[in-house]
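S.K.: A structural model of the following input is requested.
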Amino acid sequence: MSTNPAPSGTPAWQSELPVLVGRIVTLRELAQEDLGSLVDLLSLRDATLFGLEEPITEMSAQELIDRALCDRAAGTAFTYAITRGGTRRLAGLVQVRQLDPGFETAEWECTIVPSSRGAGMFLETARLVGSFTFGTFPTHRLEARVMLQNGRAIGAMRKLGAAQEGVLRRSLRRRGEYFDQVLWSILKEDWGEHWMSTAARVH
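M.R.: Residues are numbered from 1 along each chain as shown. You can find the predicted model right below:
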């Protein structure tokens, strides 16, 4: 992935995210056309909310779209719409945000519609986004917080070679209830066989 600065002096990704293409998924920047599908996605009972409060409305989903663009321009986070193959329809969302000013440590979150789960979409998305992050930024550590009850996500973390570091007790509030989360981390030097090409293809 090219990291040459844009003419403005900022990294190219801050001006526009490159499209990332895998065998079964295409990752593109979240857009206004995604509003309706985004409301449906975030309204799922087990969806990651990316910092939004429930209940999810068109207004809050619009807030997420606007914030994603602002954070990308500011260089503090980036958000990808997950689509299946060459379609444009939103099938999920993945976000990476810095946890320190230098983007050396980052946190990622992902949610996918139930109809697209179990088909390898998450793992391919994670490999594309992880490769983009480790290959473009000075990031050496990616963290994820996964609900203790989410066996599918925990299994996916293990397949990526992530290390379980501990349980964060009652750290997530959903619909008035608190849930435990498992903290996972993966280091750049452990990414190994998960590297995928993220050669620039700006949309």
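
S.K.: from Thr125, how far off is the most centrally placed residue in the chain?
M.R.: Geometric centre of the chain, nearest residue: Val94, 2.3 Å, by Cα atoms, centre = their mean. Taking Cβ to Cβ, to the nearest Å as the measure, Val94 falls 6 Å from Thr125. From N, CA and C alone the C-beta is placed, and that goes for glycine too.

S.K.: what touches both of those two?
M.R.: Leu27, Tyr80, Ile82, Cys110 (Cβ atoms under 8 Å, 6 or more residues apart in numbering).

S.K.: out of these, who's nearest Val39?
M.R.: Among those, Ile82 lies closest to Val39 (Cβ to Cβ), at 16.0 Å.

S.K.: how near is that closest one to Asp40?
M.R.: 14 Å.

S.K.: the two: which has the busier surroundings?
M.R.: Counting neighbours by other Cβ atoms under 10 Å for Ile82 and for Asp40 shows that Ile82 has the greater number, 27 against 13.

S.K.: which residues are in contact with the helix or strand where that one lies?
M.R.: In the assignment (DSSP states H and E), Ile82 maps to strand 77-84. Strand 77-84 is touched from outside by 13, 17, 20, 24-31, 34, 50, 64, 68, 71-72, 89-98, 110, 112, 116, 121, 125, 129, with contacts defined as Cβ under 8 Å, 6+ apart.

S.K.: pLDDT of the helix or strand following that strand, averaged?
M.R.: Counting by DSSP H and E, the next helix or strand C-terminal to strand 77-84 is strand 90-98. Per-residue pLDDT values over strand 90-98 give a mean of 97.

S.K.: likewise for stretch 25-39?
M.R.: Stretch 25-39 shows a mean pLDDT of 96.

S.K.: what's the answer for stretch 49-58, then?
M.R.: 90.

S.K.: quick check, distance from it to the centre of its chain.
M.R.: Distance of stretch 49-58 from the chain centroid (Cα atoms, centre = their mean, to the nearest Å) equals 16 Å.

S.K.: again with stretch 17-27
M.R.: In terms of Cα atoms, centre = their mean, the centre of stretch 17-27 is found 13 Å from the chain centre.

S.K.: compute the first-to-last residue distance for that stretch.
M.R.: 10 Å (Cα to Cα, to the nearest Å).

S.K.: skipping adjacent residues, who's closest to Arg67 in space?
M.R.: Leaving aside its sequence neighbours, Arg67 sits nearest to Gly51 (Cβ to Cβ, 6 or more residues apart in numbering; 7.9 Å).

S.K.: ok, so what distance separates that neighbour from Gly22?
M.R.: 26 Å.

S.K.: the two: which has the busier surroundings?
M.R.: Gly22 (18 against 12).

S.K.: and that one, how far from Asp46?
M.R.: Remark: distance between Gly22 and Asp46 (Cβ to Cβ) = 24 Å.

S.K.: quick check on the residue nearest to Arg67: phi, psi?
M.R.: Main-chain torsions, Gly51, degrees, to the nearest 10: phi 90, psi 0.

S.K.: do you know how far it is from Glu63?
M.R.: In this view, Gly51 and Glu63 are 9 Å apart by Cβ to Cβ.
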